[in-house]
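**Student:** give me coordinates for this.
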Amino acid sequence: MASSSKANLTDEDEEEEEEVEHFDDFTLASSWERFISEIEATCRQWFADGPKNLLEKGAVHLDSSSKIYKVKSDLKDAAKIYSMEYYFEINNNGNIADWNCTLHDLQLCFGVKEFLVISPQSASGVVLDAPEASKLLSAVAIALSNCSSFWPVFVPVHNPSRKAFIGIQNMGTVFTRRFEADRIGSQVPIKFMHLEGLYELFVSKFAYSALDHPVHLFKVHLIMKLTYRTLPNDDEDDGIQDADAENAASETMPGGGNHSRKHWDDDCPWSEWYSAEDPVKGFDLVSTWSEKVVESSLEMAEMENSSPHEAEKWILTPNLSPNLDSSKGERIGFASQLQLLVSALDMSFEAQFMEDFVSAVENPGSDNLKSSMVIPPPTVLDRVLKDLLIEGPQFPDFSKGEHKSSRAIKGAPVESLFAQFCLHSLWFGNCNIRAIAMLWIEFVREIRWYWEESQPLPKMPASGSIDLATCLIHQKLQMLAICIEKKRELNEEFQDCLGSNDDVFAHMEDIQDGEESTSFHAKTQGFDGKRDSPLILEGFDGSKTATSKLSTNSQDVYSADKSTSDSKRRGSAGPVGSMKLLNSCQSLHAPFTQNAPLMTEDMHEERLRAVEAFGDSFNFSAQLERETLSSDMSAFKAANPDAVFEDFIRWHSPGDWENDGSEADGLSKNLTEAMKDDWPPRGKLSGRMSGHGNLWRKIWNDAPSLPAYEQKPLLDPNREGEKILHYLETVRPHQLLEQMVCTAFRASADTLNLTNFGSLKQMSTKMDQLYLTMASTLRPLQANLLCGNSETIQDLRRLCVVFEHVEKLLTLAASLCRKFIPAPRVYEAIFSDYYDFYLPNMGMGSADVDVQKEFDMKLQLRVNEREVVSNMFTPPTANQSWRKVLSMGNLLNGHEPIRREVIFSKRDSSNDHHYAAGTRRGTHMNYQQEIETYRMYICGTSNDLRVALSITSYD
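**Tutor:** The predicted model follows:
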């Protein structure tokens, strides 16, 4: 029994096992269902995180839009891998503005906010198979429905160049929106080039037949945006625009002739040295029309003929050169050449004389000087020297163009000879050390020719004092110009003397009859007119005091005291107040004295080193000034024949005469009261003047009685001129290059400072900062503290980068200012926005600038500014190659829009549908409002047309 029961149980188990083996489990999911589940899980996760958490998890910001972010997830279905991207905004409130410049392309096409895009991971990134595209849309729609999400989803289809999409959006249990977009890239039908044809295309989507168009009046809402673009300002287009003018000129002028092409910066201060690329290539003008309701195609035809001036808004967008914020174009300007000059300075330590660089080809040990360091041909050298020197003597205004901080840089004024040499050097032979050496050698040779021929030195003043705030070479050239002028005067006087001697020998008898009177008359005439007129009252301590005490009767050359008529005064400038001579009680006269000898900075330093070496010796200081002291003493003796040493001290150095104050009071008394006082006045010399062996007294005793016009000049022009030329011919290369770098930076900045950039405060502040930065960086060069391989070279290279940034901004400011002179608000707003955009790059080199981020500014114009922008669209000429057959209408000064964007929409009330009543009772949603049932976005030109259609249906 037991065995039989076990046998029965075994048979039952076998039957159950057979039943299990043949059972089909329909709970197992297919691959498509798993794909939907994976999409649903991903969407639920994104929906739960929200925008802020998605940002923390690494959402990517889109470069094309300032407000859009996206997250991405990879999904697998069978053997294919898809990418699903979720696009969202941080602030997801409000409606989508139709012409918002921050919109994503799909937002603009379909009027959606946040959305999904699913596409295959392939080379094209689009779905080429229609069933596959429908399958993807169905899968995502099911997943979003399970999530209760209303996100629209799009799938790219067809060829990528067509920018085609299909999409779907579940809007609850009532509404569903379907999307479709496509593009025609060529041969657009003529009908669709006009607004009337586009209107009929939209109406055909909901009208039952074409016959309904003229019969039924459909209320279609319309908004439109037209984009115009000015002609580009590059060189090629400039040549095309100038073709008509050149052809017309060649017809009127016999023989034609060469016409110099005009560049945009011909009147800018830097145009003498280089032609800059216009940073503003043109402008895009966007004119937008407010929403209007159209009921017939005739209204569309009228709208196509309307002027852009009737548009509600004008929005201006500048098109800037890509080279403005990158080094892609290898921009040429002062900054690029200053970089080369700094490199030449770095190499200047390799030789002792400038001639060594010129003969570098013959030197086998200087291979690095041979490569790429080419000297320009002699014709170029001659032209540069002609520009520098052979334009005749000039007396430029050195203060022209100077910035308030310019003199903090120890260089030469921009209009001076050495500054012009430095600026020419920047462009001579690509500013290499060999080319600079050649130019300098020939330049010094020309300078020597001017010296030997006694010709005025161009671009250098031949009078005045030496400006010690400038570089040493400029001081030397300024002193050489003065020496040349003095040398010419001496030569002319010598020639005059020869001529006068001939006259004397020819009329000897007449001269003998009145010899005494004629001789005296000649001296007095020379004092009043030629000889003493350039002389001034000079002294160490008392010159200013003496000048202030001059009497108005300074023209009298005889003593005021009639009792001493036998004592003749010579070279007197008049009495000094009521001061009297100690011995004779006669009026003390101030003499005309020679100017102090001119000295350059190195001469002052040489004297200073001598004083430091010998200490503060009073006699040593007198020895250094012996010639000047002797000249002043001789002039004083001639003007005061009865004077003693104490009288000279009282006039020349009042601080060294100690009195009881009676003479000081005498300055305010009249002559009669002064004579009543005790005479001579009670006083004495100071300790240093009364000491034994005083050098001043010895010089006084040796000084002859000669007026200034009979003395030997303190400045020997021949000796000083030869010393200056010797310095210029033997200057060390690094000393020359140091002064050239300082002067080139200062002259370049002063040249740019002449640019008219309107009232841009940011640009003025940047120029101020540039001068301060230059003064700080160039200070080691001014103190001759530079050595080979110094860190200063690196600082100079960084200064060139800063200079380049400022030069770019200045070029942009000048271009904008000249284009918007009647509308300053426009160029100020554009420059301000670009300045804020470019400011983070100011501390980096051009190669480090982030070129991925582009400057994109939209400026809404005021009504009074439209005329200025409209004038930029000059009427086209017949010979311009860009002109084509106009076919779109809405012309602006003969220019048709480069792009036309139109949004048609049709709205219906939800009350007209049977779903509305039951839904309103079941929910609190307000379906009384109109629903956009049809929407069509159209963007295109005469050769391109893109259409995006969205339809809302009632399911």
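
**Student:** which stretches in the stretch 301-450 of the chain count as strands?
**Tutor:** Along the stretch 301-450 of the chain, the segments classed as strands by DSSP state E, counting those that start in this stretch run 313-320.

**Student:** show me where it dips below the pLDDT cut-off.
**Tutor:** The model of the stretch 301-450 of the chain has pLDDT under 70 over residues 326-330, 360-372, 391-397, 400-401.

**Student:** with adjacent residues omitted, what lies nearest to residue 865?
**Tutor:** Leaving aside its sequence neighbours, residue 865 sits nearest to residue 823 (Cβ to Cβ, 6 or more residues apart in numbering; 4.5 Å). Heads up, the C-betas are built off the backbone N, CA and C, glycines and all.

**Student:** repeat that for residue 118.
**Tutor:** Per Cβ to Cβ, 6+ apart, closest to residue 118 is residue 84, 4.6 Å.

**Student:** so what sits opposite that neighbour in the bridge?
**Tutor:** Residue 84 forms beta bridges with residue 73, residue 118, as assigned by DSSP bridges.

**Student:** near it, how many other residues are there?
**Tutor:** 22 (other Cβ atoms under 10 Å).

**Student:** rewinding a little: show me what contacts the residue nearest to residue 865?
**Tutor:** Residue 823 makes contact with 864, 865, 868, 869 under the criterion Cβ atoms under 8 Å, 6 or more residues apart in numbering.

**Student:** okay, it: pLDDT?
**Tutor:** On pLDDT, residue 823 comes in at 93.

**Student:** one more: residue 637?
**Tutor:** Per the predicted model, pLDDT is 90 at residue 637.

**Student:** how about residue 647?
**Tutor:** In this model, residue 647 is scored at 89, pLDDT.

**Student:** that older thread, include neighbour count when you put the contacts of residue 823 into TSV, please.
**Tutor:** Shown next, in TSV, are the contacts of residue 823 (neighbours: other Cβ atoms under 10 Å):
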residue	neighbour count
864	10
865	19
868	16
869	20
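
**Student:** show me which of those is closest to residue 121.
**Tutor:** Minimum distance to residue 121 across the contacts of residue 823 is 46.1 Å, recorded for residue 869 (Cβ to Cβ).

**Student:** off-centre distance for the helix or strand harbouring that closest one?
**Tutor:** In this structure, residue 869 is located in helix 866-870 according to DSSP states H and E. Helix 866-870 sits 26 Å away from the centroid of its parent chain (Cα atoms, centre = their mean, to the nearest Å).

**Student:** next SSE after it?
**Tutor:** strand 899-909.

**Student:** for residue 481, see how far away residue 937 is.
**Tutor:** Relative to residue 481, residue 937 is positioned 74 Å away (Cβ to Cβ, to the nearest Å).

**Student:** these two - which one has more neighbours?
**Tutor:** Ranked by neighbour count (other Cβ under 10 Å), residue 937 and residue 481 place residue 481 first, with 25 against 20.

**Student:** just give me how far stretch 414-430 sits from the chain centre.
**Tutor:** A distance of 20 Å separates the centroid of the chain from that of stretch 414-430, by Cα atoms, centre = their mean.

**Student:** mind exporting it as PDB, just the C-alpha atoms?
**Tutor:** C-alpha atoms of stretch 414-430 as PDB (Å, rounded to 0.1, in the frame of the first residue of the first chain):
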ATOM      1  CA  VAL A 414      56.500 112.200 -28.600                       C
ATOM      2  CA  GLU A 415      57.200 115.100 -31.100                       C
ATOM      3  CA  SER A 416      60.900 115.200 -30.400                       C
ATOM      4  CA  LEU A 417      63.600 113.800 -32.600                       C
ATOM      5  CA  PHE A 418      64.600 110.800 -30.500                       C
ATOM      6  CA  ALA A 419      61.000 109.800 -29.900                       C
ATOM      7  CA  GLN A 420      60.400 109.800 -33.600                       C
ATOM      8  CA  PHE A 421      63.500 107.700 -34.000                       C
ATOM      9  CA  CYS A 422      62.200 105.200 -31.500                       C
ATOM     10  CA  LEU A 423      58.800 105.000 -33.200                       C
ATOM     11  CA  HIS A 424      60.400 104.500 -36.600                       C
ATOM     12  CA  SER A 425      62.600 101.800 -35.100                       C
ATOM     13  CA  LEU A 426      59.500  99.800 -34.100                       C
ATOM     14  CA  TRP A 427      58.700  99.300 -37.700                       C
ATOM     15  CA  PHE A 428      62.200  99.200 -39.200                       C
ATOM     16  CA  GLY A 429      63.300  95.600 -40.100                       C
ATOM     17  CA  ASN A 430      60.700  94.100 -37.800                       C
END
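
**Student:** in that stretch, what counts as buried?
**Tutor:** Neighbour counts over stretch 414-430 (16 or more other Cβ atoms under 10 Å) mark 414-429 as buried.

**Student:** pick out the most distant pair among those residues.
**Tutor:** 415 and 429 (23.9 Å).

**Student:** quick check: neighbours of the helix or strand encompassing residue 589 in the sheet, parallel or antiparallel?
**Tutor:** Using DSSP H and E, residue 589 maps to strand 587-591. Each strand paired with strand 587-591, and its direction, by DSSP bridges: strand 572-580 (antiparallel).

**Student:** burial of residue 578, as a residue count?
**Tutor:** 20.

**Student:** number the residues from 21 up from this point.
**Tutor:** Got it, the first residue is 21 from now on, which makes the last one we talked about residue 598.

**Student:** for it, give its distance to residue 592.
**Tutor:** Computed as Cβ to Cβ, the residue 598 to residue 592 distance reads 16 Å.

**Student:** go on, residue 124?
**Tutor:** As judged by Cβ to Cβ, residue 124 and residue 592 stand 94 Å apart.

**Student:** what's the answer for residue 97, then?
**Tutor:** 115 Å.

**Student:** for residue 379, same thing?
**Tutor:** Applying Cβ to Cβ to residue 379 and residue 592 gives a distance of 61 Å.

**Student:** residue 375 against residue 464, yeah?
**Tutor:** No - counting by Cβ atoms under 8 Å, residue 375 does not reach residue 464; the two are 10.8 Å apart.

**Student:** secondary structure element for residue 157?
**Tutor:** Assigned by DSSP H and E, residue 157 belongs to helix 150-166.

**Student:** report all helices and strands that that helix contacts.
**Tutor:** Packed against helix 150-166 by the contact rule (3 or more Cβ pairs under 8 Å, 6 or more residues apart in numbering; DSSP states H and E) you find helix 51-76, strand 135-140, strand 173-177, strand 184-190.

**Student:** no more questions from me, cheers.
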